[in-house]
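S.K.: With the input below, show me the fold.
(chains A and B)
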Number of protein chains: 2
Amino acid sequence: MRQAGRYMPEYQALRERHSLLDLCRTPDLAVEVTLQPIQAFGFDAAILFSDLLIPLDPLGLPFDFHSGEGPVVERPIRSRDDVDALRRFEPREELGMVLEAIRLLRRELKVPLIGFAGAPFTLATYAIEGGSSKSLARTKELMYGDPDTWHRLAGLLAEIVSDYLRAQVEAGVQAVQLFDSWIGALDEADYREFALPHVRRIFDGLEGLDAPQIHFGTGTSHLLAVQREAGGTVIGVDWRTPLDEGWKRAGGDVAIQGNLDPTLLFAPRERLLARVDDVLRRAGGRAGHIFNLGHGILPGTPVENVRAVVEHVHETTVR
Amino acid sequence: MRQAGRYMPEYQALRERHSLLDLCRTPDLAVEVTLQPIQAFGFDAAILFSDLLIPLDPLGLPFDFHSGEGPVVERPIRSRDDVDALRRFEPREELGMVLEAIRLLRRELKVPLIGFAGAPFTLATYAIEGGSSKSLARTKELMYGDPDTWHRLAGLLAEIVSDYLRAQVEAGVQAVQLFDSWIGALDEADYREFALPHVRRIFDGLEGLDAPQIHFGTGTSHLLAVQREAGGTVIGVDWRTPLDEGWKRAGGDVAIQGNLDPTLLFAPRERLLARVDDVLRRAGGRAGHIFNLGHGILPGTPVENVRAVVEHVHETTVR
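M.R.: From the prediction side, this is the model:
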């Protein structure tokens, strides 16, 4: 997750000349950034370089990244009228630059390529809060206060995301990941009412495609079983839940992705690799474990530690 | 939690003339703010108006609140030298203004008064990050990278907090609450290594005092049992874990506090009160349930909804 990005000097060099949005929207640049960590560290799969918020702009929600603040949506959603004004667009046309990057990448890559998109709840938090938020109070205010508008928004996002992921597979990605990064703010009852139907619609829309579907969230100790119910062939677990425990909760017959705490990449080598070993021990060599971080790699992560983890996992597991 | 504050017009009127730190540090003002929600809503207990970070200043870590950003610590801790430079101070002397507010409040209040302090992990996150942080990467970098310095810092914070809470009880508070608000970022193994010994030291230091001890955190679905092991006679549960499930995890023989999602106070009355009823139903009328929010009340919360919840809980429960 975020295997390319700010922690890499190659990326920073590119960022001196291009904005983050330029990198996402220019196929040649997105290809170059996607390839950087593959060339540097030899990951077993590449994840497309893009941003969760890319679909917001054609939807009618322009945004930009303000330095130090993260994304800022110009006119966040506050009412039914704002939702009614959104534009159902065709990802194959308006996100064609992402699909083009995928096609170019497949020619370059010797490892599988993973595509991705944000889940409706997580995308809606940005659309409603206008950026990052700790409490998600405005999101929940709309959700609780006007469920009809909420479902209209989440339903629209689900349609677009489902089409977008399908288009990514058709363009060449060999797996997709649905990021419901902030879903851990809901309890299970709210998940069932406000998130599950829309997540399920996305996965239903991917039926018949020959591509594993990774369903990811953070702070989801209490949601793993219901997320699995919502869909996906792989459940992502963050580091708060031990991998074996998380796997049990998600159901033993699903594959699992995780779950090293990304802050461990700042730790001394001995502690870092001991924790990698702990994750692998809990996976117990079972088929269906994808070793990964429990959330995105952080800016400032020492690159030599990323390399050490990749090498260590390769040395101690059978591929 | 945060029962006084920004959502109340009476509070906002005071803030026009005084800074947040002035309110915390001036006994008459702290008393006035503490009493505001008791007068307005008739809560069954008052929680002292103060701030978790108040002990940082006499420790040698001056800070201030920057509008819109939350607290900013002037010179955050980055090294062993920074920790060695901290000053073990005597809360009875240097936080005397808080104790004075407690003494004044006991003369005014007809309901019990709850005192509080931050737990070592949560205080350390502010001291190290210099303010709020999503990833807590610097905190964990110090923790993993230099455990000896971490334990020195957390141990010092534990000593001071334990003294501070004892002094609060001696000054008149009838219960104390230890806020480990950000502890949910740790998994259980890290909790045992880096947090538990220090939390336990605090509760050990309160032994023999006739005051219930509330041990609170958020995002702690996976930590409730080990938090209980660390100490406290009441465990606080946020809304992510259903109250009955949280109570089971914390151990049936401990009291429980919680756990309405504070964002539900923005919801229409019917949904709000239905969720209050759900919390009460899960508590099942058992002795040892303190009805509360699952985290602090949010700025912008409609005061009429706070009143409705207090009235509803009073009408439907035996006191």
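
S.K.: Give the buried residues for stretch A:153-160.
M.R.: Going by neighbour count (16 or more other C-beta atoms under 10 Å in any protein chain shown), the buried part of stretch A:153-160 is A:153-154, A:156-160. Backbone N, C-alpha and C define where each C-beta goes, glycine included.

S.K.: Stretch A:244-256 now?
M.R.: When neighbours are counted by 16+ other C-beta under 10 Å, the buried residues of stretch A:244-256 are found to be A:246-247, A:249-250, A:254-256.

S.K.: Quick check: strands, which of these are part of them?
M.R.: Those of the buried residues of stretch A:244-256 mapping onto strands are A:255-256, per DSSP state E.

S.K.: Just put the buried residues of stretch A:244-256 in CSV and tack on pLDDT.
M.R.: Written out in CSV, the entries for the buried residues of stretch A:244-256 read as follows (pLDDT from 0 to 100):
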residue, pLDDT
A:246, 97
A:247, 97
A:249, 96
A:250, 96
A:254, 96
A:255, 98
A:256, 98
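
S.K.: out of the buried residues of stretch A:244-256, which one sits closest to residue A:101?
M.R.: For the buried residues of stretch A:244-256, the residue nearest residue A:101 by C-beta to C-beta is residue A:255; the value is 26.3 Å.

S.K.: Who are the contact partners of residue A:204?
M.R.: Each residue near residue A:204 by C-beta atoms under 8 Å, 6 or more residues apart in numbering or on different chains is listed here: A:162, A:231.

S.K.: try 7 Å this time
M.R.: When the contact criterion is C-beta atoms under 7 Å, 6 or more residues apart in numbering or on different chains, residue A:204 has no partners at all.

S.K.: thinking again about what came up before, biggest separation within the buried residues of stretch A:244-256, which pair?
M.R.: For those, with distances taken as C-beta to C-beta, the pair at the greatest spread is A:249 and A:255 (14.0 Å).

S.K.: what does the stretch 1-150 of chain A put close to chain B?
M.R.: Contact residues, the stretch 1-150 of chain A versus chain B (C-beta under 7 Å from any C-beta of the partner chain): A:135-137, A:140-141, A:144-145.

S.K.: actually the stretch 201-319 of chain A, not the one I wrote
M.R.: Counting by C-beta under 7 Å from any C-beta, the residues of the stretch 201-319 of chain A that sit close to chain B are A:219, A:221-222, A:239-242, A:263-264, A:266-268, A:271, A:298.

S.K.: So of the residues you listed, which two are at opposite extremes in space?
M.R.: Of all pairs drawn from those, the greatest distance, 32.2 Å, lies between A:222 and A:268 (C-beta to C-beta).

S.K.: okay, those two: which has more neighbours?
M.R.: For residue A:222 versus residue A:268, neighbours defined as other C-beta atoms under 10 Å in any protein chain shown are more numerous around residue A:222 (22 against 14).

S.K.: The more buried one reaches residue B:221, doesn't it?
M.R.: Yes: using C-beta atoms under 7 Å, residue A:222 is in contact with residue B:221, at 4.5 Å.

S.K.: can you give me the helices for the stretch 101-250 of chain A?
M.R.: Counting by DSSP state H, counting those that start in this stretch, the segments of the stretch 101-250 of chain A that form helices are A:120-129, A:137-145, A:147-171, A:188-190, A:196-205, A:224-230, A:243-250.

S.K.: Enumerate the positions of the shortest one that are buried.
M.R.: Using 16+ other C-beta under 10 Å as the burial criterion, the residues of helix A:188-190 that qualify are A:188, A:190.

S.K.: How far away from the center of its chain is that helix?
M.R.: Here helix A:188-190 shows a centroid-to-chain-centroid distance of 22 Å under the convention C-alpha atoms, centre = their mean, to the nearest Å.

S.K.: average pLDDT across it?
M.R.: The pLDDT scores in helix A:188-190 average 98.

S.K.: related to what we said a few turns ago, out of the buried residues of stretch A:244-256, which is nearest to chain B?
M.R.: Of all these, chain B sits closest to residue A:246, with 9.6 Å by C-beta to the nearest C-beta.

S.K.: What residues does the closest one make contact with?
M.R.: For residue A:246, the contacting residues are A:224, A:237, A:256, A:258-259, by C-beta under 7 Å, 6+ apart.

S.K.: my guess is residue A:231 meets residue A:201, correct?
M.R.: No: no contact is recorded between residue A:231 and residue A:201 when judged using C-beta under 7 Å, the distance being 9.0 Å.

S.K.: Run through the stretch 201-319 of chain A and note the low-pLDDT ranges.
M.R.: A:319 (pLDDT under 70).
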